[in-house]
Structures are given as C-alpha cells and as structure tokens.
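Engineer: Fold the following.
(one chain, ligands or ions: 1)
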Amino acid sequence: MKTEMKPGNMLYPLPVVLVSVHDGQGHDNLLTIGWAGTVCSDPPMVSISVRKERYSYDMIEKTKEFVVNVTTEETAFATDLCGVKSGRDMDKWKAAGLTRGKAVKVGAPVVAECPVNIECRVTQALELGTHVMFLGEVVAVQAGKEWFDENGRFMLEKTRPIAYCHGEYYGLGKKLGTYGYSVRKKK
Ligand SMILES: Cc1cc2nc3c(=O)[nH]c(=O)nc-3n(C[C@H](O)[C@H](O)[C@H](O)COP(=O)(O)O)c2cc1C
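Structural biologist: Numbers count the residues shown, from 1 in each chain. I've put the predicted structure just below:
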C-alpha cells in the first residue's frame, strides 16, 4: 500500500554544497545549496538553483561565476550555518570558520576546508518559478593533495562526504558495491 503525497520535491538523498560567489568588486559570499546537480559529462556541467532574494543571487547574475564546494562531516555545521544566515548581515566565512582559497580560473574564492572545489562559469540562467537555475560549465577543479593515495587514486570516501535527506544531514553508510558490480564476474 502507498499513500499519495502532495506533489513536491522528494528526490533524496542529495548532495548539499557550499557555493562561493563574488561580485567582481572585492566582495564575496557563501551560501548553501541543496538544489544542485550534475547535468552533463562533456562539457562537464553542473546546475544550482537559487532564489532571487538570496544575497548571493545578484553576485552570480553579475559575474556569471560560482564555485561548488563539496561538503563533508567536518564542514556539516558550517554548511548548515551558511544556509540559515545571510551574507547581508555577516561575514559567513568568519562566522562558519571557513577559509578562502584561490580559485584557478574564476574570481570567486574556493572553500579551503572542502576537499573538492568545482569552478563554474554560467552558460544559461533558466527562470523556473521560485528558483532560477544557473547552468554552469566546469572550468577548473581543485582537490586536496592529501586525499590521493600513492597510486594517484582520489580517495573521495576518505573525505567523509555528507548527504542531505528530507531536512536532515547524514554521513554516508557502508559501501554496497562499485560501478558495474551487478554484472562483474565473481573471482
Ligand atoms: C540544507 C539547505 C539547502 C538549501 N538549498 C537552497 C537552494 O537550493 N537554493 C536556494 O536559493 N537556497 C537554498 N538554501 C537557503 C540559502 O542557503 C539561505 O537562504 C542563505 O541564507 C542564503 O544566503 P545569502 O543570503 O547570503 O546568499 C538552503 C539552505 C539549507 C540549510
């Protein structure tokens, strides 16, 4: 038996990311985004959906740049804080204890504490309703050197990434398999 729910956003779990932005005139900000996604492999593209009333919105609209910073158990508290306080009222970097790092290609800073920083340039802005979806082409990616093993494999799992699930933050559970394991021959 199923019960019908009100049509709404029920696609969970989701990544929850810290997005860093700048205005091109020396000001920057951070906000938390749940409505983010990977939308194309080649060219690599991501999307973020932002409400116009966010302080960060005008910055993205103006510079057409943003950085998606992957969050972890270590940065979960800061991630929540950046999603409930506005840069209009405070320096969220300071309040959340986060450090600006230099991006490779864009003017917005990266979050040094995040293991992966995905630098994006906006290619399209789609007015969807409550949110404007910015499609961003990934122009550079930085990853912490400490997360690579001696063979050069990126150990993302070691960073302890988090997921957002219906209003709650979670660490990831146990590994269930690897890509293609359903068809791989057992040794
Ligand atoms: C878990 C979580 C997810 C959020 N996802 C979004 C989102 O996808 N889009 C959005 O516009 N705001 C989202 N928010 C709200 C903004 O992060 C929040 O309004 C923030 O204070 C905006 O910051 P700013 O005014 O400094 O730009 C989310 C907040 C949280 C806590």
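
Engineer: Give me every residue in the chain lying close to the ligand.
Structural biologist: Counting by C-beta under 6 Å from any ligand atom, the residues of the chain close to the ligand are 16, 29, 31-35, 49-51, 54-56, 80, 83-88, 164. For every residue, glycine as well, the C-beta is placed using N, CA and C.

Engineer: What pLDDT does the model give the residue of the chain at minimum distance from the ligand?
Structural biologist: Per C-beta to the nearest ligand atom, the residue of the chain with the smallest distance to the ligand is residue 83, at 2.5 Å. With respect to pLDDT, residue 83 has a value of 98.

Engineer: Residue 63 reaches residue 24, doesn't it?
Structural biologist: Yes: between residue 63 and residue 24 there is a contact under C-beta atoms under 8 Å: 4.8 Å.

Engineer: Residues contacting stretch 67-76, please?
Structural biologist: Applying C-beta atoms under 8 Å, 6 or more residues apart in numbering, the contact partners of stretch 67-76 are 15-21, 33, 36, 46, 48, 79, 98, 103, 106, 108-111, 113-120, 136, 159-162, 169, 171.

Engineer: Identify each of the strands in this protein and give its residue range.
Structural biologist: Across the chain, reading from the start of the chain, the strands by DSSP state E fall at 17-22, 28-33, 36-40, 45-51, 65-70, 100-101, 110-111, 116-127, 131-143, 162-165, 168-171.

Engineer: could the ones you listed go into CSV alongside distance to residue 2, mean pLDDT and mean neighbour count?
Structural biologist: Putting these into CSV (distance: least, C-beta to C-beta, whole Å; pLDDT from 0 to 100; neighbours: other C-beta atoms under 10 Å) gives the following:
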stretch, distance to residue 2, mean pLDDT, mean neighbour count
strand 17-22, 31, 99, 27
strand 28-33, 30, 98, 24
strand 36-40, 26, 98, 15
strand 45-51, 28, 99, 19
strand 65-70, 34, 99, 26
strand 100-101, 47, 98, 16
strand 110-111, 40, 98, 26
strand 116-127, 32, 98, 18
strand 131-143, 28, 98, 18
strand 162-165, 19, 98, 18
strand 168-171, 22, 98, 12
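
Engineer: For those, give me TSV that also has distance to residue 3.
Structural biologist: As requested, those are exported to TSV (distance: least, C-beta to C-beta, whole Å):
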stretch	distance to residue 3
strand 17-22	31
strand 28-33	30
strand 36-40	27
strand 45-51	28
strand 65-70	35
strand 100-101	47
strand 110-111	40
strand 116-127	32
strand 131-143	27
strand 162-165	19
strand 168-171	21
